[in-house]
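Asks: coordinates only, no sequence provided:
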């Protein structure tokens, strides 16, 4: 790990002012940043500790029923917050399907959005990676790429975004509140992460020194509380990143879908909102045919970036499965294996 | 630049003069305070051998900078037993044979203490396995570990019930 200066600001404006110095990085829990610093992928010259900034650790319910989540709220605190889990169950399920209990206790809401890709070539400083060193090339393109992107990728980068949490957030129109040298602004979560294009090193819409201060879920997103799921296929049952994942949320009235939301994870450099699929479901009955047609729309533009054509079919299937389970209803209690497609009955053992 | 950090470690207040902000909680415990019960496995948050409680919550100490922990309460495996009387989780690991080589055990035990405190596992072995998945055991003692966590949880709940009665 390189040497760095450690700055502990007392408030947001001090933090933003300190971050204006080139080479600075904000430190929240550090569960991803410290890891990347240990392997030499991130080399900030100064760390700005935002863990003590006042006011960032609250879950605040809005008068209209929406919620504002401070950037320093820990993943586990949000996932186990009873009102939050009841109102936005797919988000809670996604949080509990990510990482391990230890990491969820430390990792923060803001930090989750800032996660870097787990592409092995990004993490290996001996490999070419346009995301890490612009213009150096992409060793993933002709390397081990079975888990890489199948939509939204370019010849410059085929990495995926690893977050589970961001997938239902994208589906539910979450908004990110930012504060930077130019003041405050907010952007839809869907616009926060960028597709690689010719500049994969520009991973997010953040301006220099901008800080995530909060995340909001609008009141409208609560209409899906009774029919919302997050499903995640992994190479082992727990403590693994998604091969493919899907967040599905339905509002069903008198046997007809009035509103539908669908987003896919681990297939692109950002959570992949499937608006055409959603539109195809509005007014339809919740049937296998309707869900299969919707999943087809969601993956219509997919193409393999390497040895990963299988992910397209898997993503289609996880989308269909998530929609089926959402239509069946949000489980009364969080499944023992959150988001697992192998956990058919809530609380049931998959090995028994 | 030297940072002065106050920590409570296993109940004892400590003031740490930190000459380098790169020091993780794991390295502080092992290299500077001679508390070598906490183990370094992967040093990247993937194995759980370094699990300790910070302010009562289990975390990976390898991914935590001491510089950002000023004022924190840290509990390690060394602070678990009451003199010669083992903590119920320690006793249950011996009873259920929850280890072979023992290297991951301090992390497993601290993780189990955190899990029981969190209170989300009920008596369901599937939930225990899921909530212990951040602790890898190379020897594969998972069956014993799951039994130990369930047994310790029961013992601690019974004890709590008796104290309340």
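Replies: Thanks, I have it. These numbers come from a predicted model, not from an experiment.
Asks: close to chain B, is stretch A:48-61?
Replies: Yes - counting by C-beta under 8 Å from any C-beta of the partner chain, chain B is contacted by stretch A:48-61 at A:49, A:51-52. Glycine gets a C-beta too; all of them are placed from N, C-alpha and C.
Asks: in strands only, show me the residues you listed.
Replies: residue A:49 (DSSP state E).
Asks: and the residues of stretch A:48-61 next to chain B, which is closest to residue A:43?
Replies: residue A:49 (17.5 Å; C-beta to C-beta).
Asks: buried residues in stretch B:14-32?
Replies: B:16, B:18, B:21-30 (16 or more other C-beta atoms under 10 Å in any protein chain shown).
Asks: report pLDDT for residue 85.
Replies: Here I'm looking at chain A. Looking at residue A:85, its pLDDT is 98.
Asks: wait, I meant chain B there
Replies: pLDDT, read off for residue B:85, is 97.
Asks: what number of residues lie near it?
Replies: By other C-beta atoms under 10 Å in any protein chain shown, the residues close to residue B:85 number 9.
Asks: please apply the same query to residue A:326.
Replies: Residue A:326: 30 neighbours (other C-beta under 10 Å).
Asks: domain parsing of chain B, as residue ranges.
Replies: B:3-79, B:88-164 (automatic domain parsing).
Asks: if I look at the residue in chain B positioned nearest to chain A, how far off is residue A:106?
Replies: Here chain B gets closest to chain A at one residue, residue B:134, 2.5 Å apart by C-beta to the nearest C-beta. Distance from residue B:134 to residue A:106, counting by C-beta to C-beta, to the nearest Å: 11 Å.
Asks: okay, and the common contacts of the two?
Replies: Here residue B:134 and residue A:106 have residue B:60 as joint contacts, going by C-beta atoms under 8 Å, 6 or more residues apart in numbering or on different chains.
Asks: related to what we said a few turns ago, mind putting the domains of chain B in JSON lines, mean pLDDT included?
Replies: Below are the domains of chain B laid out as JSON lines (pLDDT from 0 to 100):
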{"stretch": "domain B:3-79", "mean pLDDT": "98"}
{"stretch": "domain B:88-164", "mean pLDDT": "96"}
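Asks: can I get the residues of stretch A:48-61 next to chain B in TSV including neighbour count?
Replies: Output for those, formatted as TSV (neighbours: other C-beta atoms under 10 Å in any protein chain shown):
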residue	neighbour count
A:49	21
A:51	18
A:52	16
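Asks: helix, strand or coil for the residue most central in space within chain B?
Replies: Nearest to the mean C-alpha position of chain B, counting by C-alpha atoms, centre = their mean, stands residue B:110 at 2.2 Å. When classified by DSSP: H, G, I helix; E, B strand; the rest coil, residue B:110 comes out as helix.
Asks: contacting residues around it?
Replies: Residue B:110 touches B:38, B:51-53, B:58, B:75-77, B:80, counting by C-beta under 8 Å, 6+ apart.
Asks: could you do residue A:186 as well?
Replies: Counting by C-beta under 8 Å, 6+ apart, residue A:186 has contacts A:175-178, A:216.
Asks: can you pick out the most distant pair from those residues?
Replies: A:178 and A:216 (11.8 Å).
Asks: more neighbours: these two, which one.
Replies: Just comparing residue A:178 and residue A:216: by other C-beta under 10 Å the higher neighbour count belongs to residue A:178, 22 against 19.
Asks: sec struct for the more buried one, please.
Replies: Under three-state DSSP, residue A:178 falls in the strand class.
Asks: identify the residue nearest it in space, chain neighbours excluded?
Replies: Counting by C-beta to C-beta, 6 or more residues apart in numbering or on different chains, residue A:210 is the residue found nearest to residue A:178 once chain neighbours are left out, at 5.0 Å.
Asks: gap between that neighbour and chain B?
Replies: 21 Å (C-beta to the nearest C-beta, to the nearest Å).
Asks: ok, that residue - contacts?
Replies: Counting by C-beta under 8 Å, 6+ apart, residue A:210 has contacts A:16, A:178-181.
Asks: how about residue B:57?
Replies: If you count contacts by C-beta under 8 Å, 6+ apart, then residue B:57 has A:76, A:105-106, B:114 around it.
Asks: would you write a ChimeraX line that selects the buried entries of those?
Replies: This is the ChimeraX syntax for the buried subset of the contacts of residue B:57, where burial follows 16+ other C-beta under 10 Å:
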select /A:76,105,106 /B:114
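Asks: among the contacts of residue B:57, which ones are in helices?
Replies: A:76, A:105-106, B:114 (DSSP state H).
Asks: which two among these are spaced furthest apart?
Replies: Maximum distance among the ones in helices among the contacts of residue B:57 (C-beta to C-beta): 11.6 Å, for A:106 and B:114.
Asks: returning to what we had before: ok, which pair from the contacts of residue A:210 is furthest apart?
Replies: Every pair of the contacts of residue A:210 checked by C-beta to C-beta; the farthest is A:178 and A:181, at 11.0 Å.
Asks: contact residues of the stretch 1-150 of chain A facing chain B?
Replies: A:1, A:3-6, A:8, A:27, A:29-31, A:34-35, A:38-39, A:47, A:49, A:51-52, A:76, A:80, A:99-103, A:105-106.
Asks: going through those, which ones are buried?
Replies: Judged by 16+ other C-beta under 10 Å, buried ones among those: A:4, A:6, A:8, A:27, A:29-31, A:34-35, A:38, A:47, A:49, A:51-52, A:76, A:80, A:99-103, A:105-106.
Asks: out of the residues you listed, which sit inside strands?
Replies: Using DSSP E, these in strands are A:6, A:27, A:47, A:49.
Asks: kindly reformat these as a markdown table containing pLDDT.
Replies: A markdown table is the format used below for those (pLDDT from 0 to 100):
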| residue | pLDDT |
| --- | --- |
| A:6 | 97 |
| A:27 | 98 |
| A:47 | 98 |
| A:49 | 98 |
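Asks: quick one: residue B:15 is in a strand?
Replies: Yes - looking at residue B:15 with three-state DSSP, it is inside a strand.
Asks: surely it touches residue B:4?
Replies: Yes - counting by C-beta atoms under 8 Å, residue B:4 is a contact partner of residue B:15 at 6.3 Å.
Asks: which neighbours do those two share?
Replies: Common neighbours of residue B:15 and residue B:4 (C-beta under 8 Å, 6+ apart) do not exist.
Asks: how far is the top helix by length along chain B from where the chain is centred?
Replies: Using DSSP H to define each element, chain B has its longest helix at helix B:142-164. The chain centre lies 16 Å from the centre of helix B:142-164; the measure is C-alpha atoms, centre = their mean, to the nearest Å.
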